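Novice: this one's structure only:
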Ligand SMILES: Nc1ncnc2c1ncn2[C@@H]1O[C@H](COP(=O)(O)OP(=O)(O)OP(=O)(O)O)[C@@H](O)[C@H]1O
Ligand SMILES: [Mg+2]
């Protein structure tokens, strides 16, 4: 902001409206090899602000590698990527301020309690009230009861929830989730899905990788498939479905799925109610930030 | 992003200090071997050792035991760093907008505190066994300064295996030679009593001037030129270890 500019207040809103919305994530011709293994062979895609982008791909396709490049943890061999307008290699420090990463394997401090883990991240992100932020997230991810216990005593799913909660602190505009729901029970999965929906509703851009195709269907605005180092397809669910021959009409008896049974027996109703609250909370939190 | 360096380092140091206070057994195991050596040499071998001075053997021995304590303690520094690197928590920190070198400095500062705790325990045991010193406050400050510098230099050495090791054992095994270095020095017996080549090595390796300086300060003797040789060694090791550790760290995390 320079003072010499004539009436910046009058200019700013109109230019903002005219400028085409720049993508939150922009990936151009990224390549990456490990020794003789060529993992990424020229990856291109954009992710629009406030949308959820699902990256699919079989084991070893390079999803984690790509996420690490976007999270400034790995350098690409060639190509460029920017997050929130910042180049991930040349402006890494600024890019980091705009992102948060939940890696494929939970990165929590086992010797600290759940609450201490959250407080640690809150302090490192310099948020105003670390304790309040920690308590809110503990409640949102159903960890309040276990909040004082060391994370080493948590179940895999609890650890994963803590891990995701840690990534939401500071409300960064772009969040990367590498297989966020692997190992979660169906209810915890729904909780995480609702949290992700809430993030996107509040304007956060989410890039997630997953092995569960139903997860991509349920959450993503756009889905891309990474195969043999390139993006094979990239589109909305409807566009992807349109790639195959039109649907056949078959009549089948509608049986409850195993998931229906599981959720009915373990109290889906309660989970859904809580989940709706969570989504609302997330949206509110974002509104507060945007005010 | 260096604006938050101090705050971020303090936060991360608080975190790894919790690791120390929550595994106090690491402080105990750090002290066990030095205390065992203390008992062994004072009560078993000590009677037969001619130090050629009129100080009691425990007073003669303690400086070397303190160095062994530090050499043992820094293996836990390497171990803690190794665990962090494996556990993915460092990746989380590195993807956050925090000062890049804070992660490493937090481990280094924690190492200084953990080793200070161990040294206090060992000195306490030595007092119970009859160690006495006529040193004044300045002498003690001098001793503390030398031990701090020694810990710092060895800590930066420990950072290297902590970063590159492939297994927890590999991360801590490097400290064994450092633990045994004091045995071939003036720490237990005067170097003059050793056979030719061994005496030569003992005379010119860094532990001897460090031990001699600490001993002189604790027994109220003039420190002489040993202190400068000791400081030169310590600064030299510190600078080289720091530089190597930084290069490896940069290569690892960016
Ligand atoms: N540090 C590394 N050194 C060598 N090879 C690596 C390294 N990291 C990843 N690879 C290789 O790169 C390829 C892609 O790995 P990546 O972890 O990105 O796959 P992914 O799509 O995330 O797989 P998954 O679904 O199993 O998590 C694999 O063949 C893997 O062995
Ligand atoms: Mg992966």
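Specialist: All right, it came through fine. Nothing here was measured: the structure is a model prediction, and the numbers come from that model. Ligands and ions are numbered 1, 2, ... in the order given.
Novice: What ranges in the stretch 101-250 of chain B fall below the confidence cut-off?
Specialist: Applying pLDDT under 70 to the stretch 101-250 of chain B picks out no residues at all.
Novice: rerun at 90
Specialist: Scanning the stretch 101-250 of chain B for pLDDT under 90 picks out B:101, B:129-138, B:167-208, B:212, B:216, B:218-227, B:230, B:250.
Novice: in what helix or strand does residue A:208 lie?
Specialist: Using DSSP states H and E, residue A:208 maps to strand A:205-209.
Novice: List the strands paired with that strand, with their directions.
Specialist: The strands beside strand A:205-209 in its sheet (DSSP bridges) come out as strand A:52-56 (parallel), strand A:174-178 (parallel).
Novice: So the very next helix or strand once past the first one, near ligand 1 or not?
Specialist: It stands for strand A:52-56. Beyond strand A:52-56 on the C-terminal side, the first helix or strand identified by DSSP H and E is helix A:63-70. Yes - Helix A:63-70 reaches ligand 1 (Cβ under 6 Å from any ligand atom) through A:63, A:64, A:65. C-beta here means a position set from N, CA and C on the backbone, and glycine is covered the same way.
Novice: Let me see the mean pLDDT of helix A:63-70.
Specialist: The average pLDDT within helix A:63-70 is 95.
Novice: and the angle from it to strand A:52-56?
Specialist: 130 degrees (axes from the mean of the first three to the mean of the last three Cα atoms, to 10 degrees).
Novice: and helix A:63-70, what other elements does it pack with?
Specialist: Contacts defined by 3 or more Cβ pairs under 8 Å, 6 or more residues apart in numbering or on different chains; DSSP states H and E place helix A:63-70 against strand A:25-34, strand A:37-47, strand A:52-56, strand A:78-83, strand A:174-178, strand A:205-209.
Novice: let's see 7 Å
Specialist: Judged by 3 or more Cβ pairs under 7 Å, 6 or more residues apart in numbering or on different chains; DSSP states H and E, helix A:63-70 is in contact with strand A:25-34, strand A:37-47, strand A:78-83, strand A:174-178.
Novice: what's the burial count for residue 234?
Specialist: With no chain named, the answer covers chain A. Residue A:234 has 17 neighbours, counted by other Cβ atoms under 10 Å in any protein chain shown.
Novice: wrong chain, I was asking about chain B
Specialist: When counting by other Cβ under 10 Å, one arrives at 20 neighbours for residue B:234.
Novice: What values do phi and psi take at residue A:126?
Specialist: phi 60, psi 40 (degrees, to the nearest 10).
Novice: What is the burial count for it?
Specialist: Taking other Cβ under 10 Å as the definition, residue A:126 ends up with a neighbour count of 15.
Novice: Kindly state the pLDDT recorded for residue A:15?
Specialist: In this prediction, residue A:15 carries a pLDDT score of 44.
Novice: can you list the domains in chain A?
Specialist: If you go by automatic domain parsing, the domain ranges for chain A are A:22-242, A:258-290.
Novice: what's residue 26 in contact with, if anything?
Specialist: Unless you meant another one, I'm taking chain A. With contact set as Cβ atoms under 7 Å, 6 or more residues apart in numbering or on different chains, residue A:26 has these partners: A:46, A:81, A:82.
Novice: ah, no, chain B please
Specialist: Taking Cβ under 7 Å, 6+ apart, one finds B:20, B:76 in contact with residue B:26.
Novice: Give the rounded mean pLDDT of the helix or strand encompassing it.
Specialist: Element membership of residue B:26 [criterion: DSSP H and E] is helix B:25-39. Across helix B:25-39, pLDDT averages out at 87.
Novice: what separates that helix from the chain centre, distance-wise?
Specialist: Distance of helix B:25-39 from its chain centroid, counting by Cα atoms, centre = their mean, to the nearest Å, is 13 Å.
Novice: Please apply the same query to stretch B:198-211.
Specialist: That offset, for stretch B:198-211, works out to 17 Å (Cα atoms, centre = their mean).
Novice: Buried residues of it, list them for me.
Specialist: B:202, B:205, B:206, B:207, B:208, B:209, B:210, B:211 (16 or more other Cβ atoms under 10 Å in any protein chain shown).
Novice: and residue A:233, helix, strand or coil?
Specialist: Three-state call for residue A:233 (DSSP: H, G, I helix; E, B strand; the rest coil): strand.
Novice: so who does it touch?
Specialist: A:224, A:225, A:240, A:243.
Novice: The third one contacts residue A:222, doesn't it?
Specialist: Read that as residue A:240. No - taking contacts as Cβ atoms under 7 Å, residue A:240 lies outside contact range of residue A:222: 9.2 Å.
Novice: gap between the helix or strand following the helix holding residue B:26 and the chain center?
Specialist: Counting by DSSP H and E, the next helix or strand C-terminal to helix B:25-39 is helix B:57-87. When distances are taken as Cα atoms, centre = their mean, helix B:57-87 is centred 5 Å away from the chain's centroid.
Novice: just checking, what packs against the helix or strand that helix B:57-87 is followed by?
Specialist: Downstream of helix B:57-87, the first helix or strand assigned by DSSP H and E is helix B:89-94. Applying 3+ Cβ pairs under 7 Å, 6+ apart, we find helix B:89-94 packed against no helix or strand.
Novice: Quick one: mean pLDDT for helix B:89-94?
Specialist: Rounded mean pLDDT across helix B:89-94 is 89.
Novice: Enumerate the positions of the helix or strand just after that helix that are buried.
Specialist: With elements assigned by DSSP H and E, the helix or strand that comes after helix B:89-94 is helix B:102-128. Within helix B:102-128, the residues that qualify as buried are B:102-112, B:114-115, B:117-119, B:121-123, B:125-126, counting by 16+ other Cβ under 10 Å.
Novice: so helix B:102-128 versus helix B:25-39, what angle?
Specialist: Using the same axes, to 10 degrees: helix B:102-128 against helix B:25-39 is 40 degrees.
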